[in-house]
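Visitor: Here's a sequence, model it:
(one chain, ligands or ions: 2)
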Amino acid sequence: MYTLGEFIINNIDEFYYSTESILRLFSSIKLASKAIHKEVNKAGITKKIIGSSGIKNIHGERQKKLDNFAHKTFVESFKSRNVVCGIASEESENFIVIKNEKKDYYGNKYIVLIDPLDGSSNIDVNVPIGTIFSVYKRKSSININLTIDDFLQEGIRQILAGYVIYGSSTILVYSIGNGINGFTLDPSIGTFYLSHPNMKFPKKGKIYSINEGNYDKFSDGIKKFLRYCQEEGRNRPYTARYIGSLVGDFHRNIIKGGIYIYPKTATYPQGKLRLLYECNPIAFLTEQAGGKASDGKNRILNIVPKMLHQRTPFFCGPKNIVSKLEEFIINCE
Ligand code: AHM
Ligand code: MG
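Guide: Ligands and ions are numbered 1, 2, ... in the order given. Model prediction:
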C-alpha cells in the first residue's frame, strides 16, 4: 500500500514543475491537515476549539474558533517551507505575502488559495468539514512585489488542487492534472495511505445536493431541474443528499454519483460560493474525474477572476447531469 509520499515520488515525472517544490508543498499540506485532524477529533471534549471566536470574518459571517485555527495553521505551515510567496484565504481580506528568508534557489514561486475550514456550520455537530486548496505558479517575476494579478488567475492554470475531508476518517484528495487520487490518514502513525486510486464520477449518478430550503429564491430553470430530478424517468427519480459542506457533498457525490448545486438565490444574487478557493479547486478535481463544472453557462475553469473573494453560482458532477441542468437554465431565460 502506497503512502502519499511514496505515491508523489513515484509519479513525480508527471509534475511539470520541480520535484523539490511539490515535496515542500505537500509537506505543508500534510502537516497542517494532521494538526486540524487532531483538533477536530477532540472537539467534543474540549471547549477550546468549538464555538464562535467572537469575531466576524470579512464576509460578515461569525468566525468559528476552528476557522481561525485552521487558517493560522495552514499559513504557518506554508511560511516555514520556503515554497509559497503568497496566500489568499477565506479568512483574510487581503492576500498574505510570504518572504523567502533563506533566499534559496527555490525562491517561493507559488501562490496558494485556501478555504481553511469549509462547512463551518457543521463544526459543532460532528458532521464532515474540510479544507480546500488551490496552487498556481506566480505570474509576476520573482524579483518584484506580488500583486493581486498573481492571485486572479483562471482555474485552468492551477498546477495542484485538492481537499482534505475530516469525516469518519480524514482523507486527502488531490490532482496535479493527471487524474485524482485519495489518501486516508492512519491516525495511529500519522501517515496518509492511497485508498481511493484514480477516482472517477460514476456515469449514472442518482444524487442531487442542494439546499432546498431556498426553493422560493431559485430561478425557474433551477426549479424545473429539481422537478426533473424528482420525476419518474430513465435512472430517475434521483435522491436528495445535502450536508452543507461542499467538501463533504462533493466527496460523496464523486464516489456515489451526484450533482452539487449552489445557484444564484435572492439572498446571494452572484451565488454564495467563492470562485478562487472553493469552486476552482473543486472544478479542477471534477474535470480530472471525468465530470463537468459550470456556473450555469460557462466552464468554471475559464472564468477570468476580477476579485479575490468573488462569488459564483456553482454546479459540478457527472457530465450528463450538469449538461441537463444547463439546458434548463438556458431554456428558462
Ligand atoms: P463556509 O466555507 O463559510 O463554511 O461556507 C461554504 C459552504 C459550502 O461548503 C456549503 O456547501 C455551503 O456553504 C452551505 O451553504 P448553505 O448553508 O446556504 O446551504
Ligand atoms: Mg467554504
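Visitor: How about the residues of the stretch 151-300 of the chain by ligand 1?
Guide: Contacts of the stretch 151-300 of the chain with ligand 1, taken as C-beta under 6 Å from any ligand atom, map to Asn211, Gly244, Ser245, Leu246, Lys272. For every residue, glycine as well, the C-beta is placed using N, CA and C.
Visitor: if we go to 5 Å?
Guide: Proximity of the stretch 151-300 of the chain to ligand 1 (C-beta under 5 Å from any ligand atom) is limited to residues Asn211, Gly244, Ser245, Leu246.
Visitor: Count the neighbours of the closest residue to Asn10 other than its chain neighbours for me.
Guide: Nearest residue to Asn10, sequence neighbours excluded (C-beta to C-beta, 6 or more residues apart in numbering): Tyr2, at 7.2 Å. Tyr2 has 17 neighbours, counted by other C-beta atoms under 10 Å.
Visitor: What separation do you get for Tyr2 and Thr312?
Guide: Distance, Tyr2 to Thr312, using C-beta to C-beta, to the nearest Å: 35 Å.
Visitor: in the stretch 151-300 of the chain, which spans are strands?
Guide: Counting by DSSP state E, counting those that start in this stretch, the stretch 151-300 of the chain has strands at residues 160-166, 170-175, 181-186, 191-196, 207-209, 239-240, 258-262, 291-294.
Visitor: Export those to TSV and append columns for mean neighbour count, distance to Phe78 and mean pLDDT.
Guide: Output for those, formatted as TSV (neighbours: other C-beta atoms under 10 Å; distance: least, C-beta to C-beta, whole Å; pLDDT from 0 to 100):
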stretch	mean neighbour count	distance to Phe78	mean pLDDT
strand 160-166	26	13	97
strand 170-175	23	15	98
strand 181-186	21	19	98
strand 191-196	18	18	98
strand 207-209	24	31	98
strand 239-240	14	38	98
strand 258-262	26	27	98
strand 291-294	24	26	98
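Visitor: before we move on, the earlier item: now render the residues of the stretch 151-300 of the chain next to ligand 1 as CSV, adding pLDDT and distance to Thr267.
Guide: Below are those laid out as CSV (pLDDT from 0 to 100; distance: C-beta to C-beta, whole Å):
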residue, pLDDT, distance to Thr267
Asn211, 97, 11
Gly244, 96, 15
Ser245, 97, 19
Leu246, 98, 17
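Visitor: so who does the residue nearest to Asn10 touch?
Guide: Tyr2 sits next to Asn10, Tyr193, Leu194 when contact means C-beta atoms under 8 Å, 6 or more residues apart in numbering.
Visitor: Domain-wise, how is the chain divided?
Guide: Domain assignment for the chain by automatic domain parsing gives 4-196, 207-331.
Visitor: Least confident of the ones you listed, on average?
Guide: Sorting those by mean pLDDT places domain 4-196 lowest, at a mean of 89.
Visitor: Tell me the gap between that domain and the middle of its chain.
Guide: Chain-centre distance of domain 4-196: 10 Å, with C-alpha atoms, centre = their mean, to the nearest Å.
Visitor: Look through this protein and state the residue closest to ligand 2.
Guide: Asp118 (3.5 Å; C-beta to the ion).
Visitor: Lys319 and Gly290 touch, don't they?
Guide: Yes - taking contacts as C-beta atoms under 8 Å, Lys319 lies within contact range of Gly290: 7.2 Å.
Visitor: Show me whatever sits in contact with both of those two.
Guide: Phe201.
Visitor: do you know how far Ala35 is from Ile254?
Guide: 26 Å.
Visitor: Tell me which of these two has more neighbours.
Guide: The residue with more neighbours, out of Ala35 and Ile254, is Ile254; 28 against 17, by other C-beta under 10 Å.
Visitor: can you tell me which residues contact the more buried one?
Guide: Met199, Lys200, Phe201, Leu285, Thr286, Ala289, Gly291.
Visitor: Next: Ser134.
Guide: Val112, Leu113, Ile114, Gly155, Gln158, Leu160, Ala161, Leu276, Tyr277, Asn280, Pro281, Phe284.
Visitor: repeat for Leu273
Guide: Leu246, Tyr262, Cys279, Arg311, Thr312, Phe314.
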